[in-house]
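Peer 1: All I have is the shape, not the residue letters:
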């Protein structure tokens, strides 16, 4: 199984937040599952880290780099992912349930690559049909 780590999950892991960090260790290191990081999630975290240039943020950036270097599945946003994102956008808009576009891109990435999304934002992502989500924070 491959888990795709949402931006909030990544931030919990690089900051060493207890329950999420522990679940990452259980599901990836101990159980031997792999993980992926959507390019959009990397962008969101890099933007946050660069916008807050402190020593602590430099250390977190190093943690993120290390996490990304160890990714076993480095799928990019393919043409199929962008097309799926457009489909999701239209469906959510028609239903009056739009979410942030970055979340739509992450969902499309997961759907196309058949990844399980690890997120603390189930409220948004459960609106997307067929997306398999779990929350490691609970």
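Peer 2: Arrived safely. As the structure is a prediction and not an experimental result, all values here were calculated from the model.

Peer 1: Beyond the helix or strand of the chain with the lowest mean pLDDT, next helix or strand please.
Peer 2: Ranked by mean pLDDT, DSSP states H and E, the weakest helix or strand in the chain is helix 55-69, scoring a mean of 66. Using DSSP states H and E, the helix or strand that follows helix 55-69 towards the C-terminus is helix 79-94.

Peer 1: How far off centre is that following helix?
Peer 2: Its chain's C-alpha centre and that of helix 79-94 lie 17 Å apart, by Cα atoms, centre = their mean, to the nearest Å.

Peer 1: Remind me what that helix packs against, helices and strands.
Peer 2: helix 101-113 (3 or more Cβ pairs under 8 Å, 6 or more residues apart in numbering; DSSP states H and E). Bear in mind the C-beta positions are built from the backbone N, C-alpha and C, glycine included.

Peer 1: List the residues that contact residue 137.
Peer 2: Shown in contact with residue 137 (Cβ atoms under 8 Å, 6 or more residues apart in numbering): 9, 12, 19-20, 120.

Peer 1: which SS state does residue 117 fall under?
Peer 2: strand (DSSP: H, G, I helix; E, B strand; the rest coil).

Peer 1: again but with residue 4, I slipped
Peer 2: Criterion first, three-state DSSP; result for residue 4: strand.

Peer 1: quick one: the spatially closest residue to it that is not a sequence neighbour from residue 78, how far?
Peer 2: Nearest residue to residue 4 in three dimensions, chain neighbours excluded: residue 115, at 3.9 Å (Cβ to Cβ, 6 or more residues apart in numbering). Distance of residue 115 to residue 78, computed by Cβ to Cβ, to the nearest Å: 13 Å.
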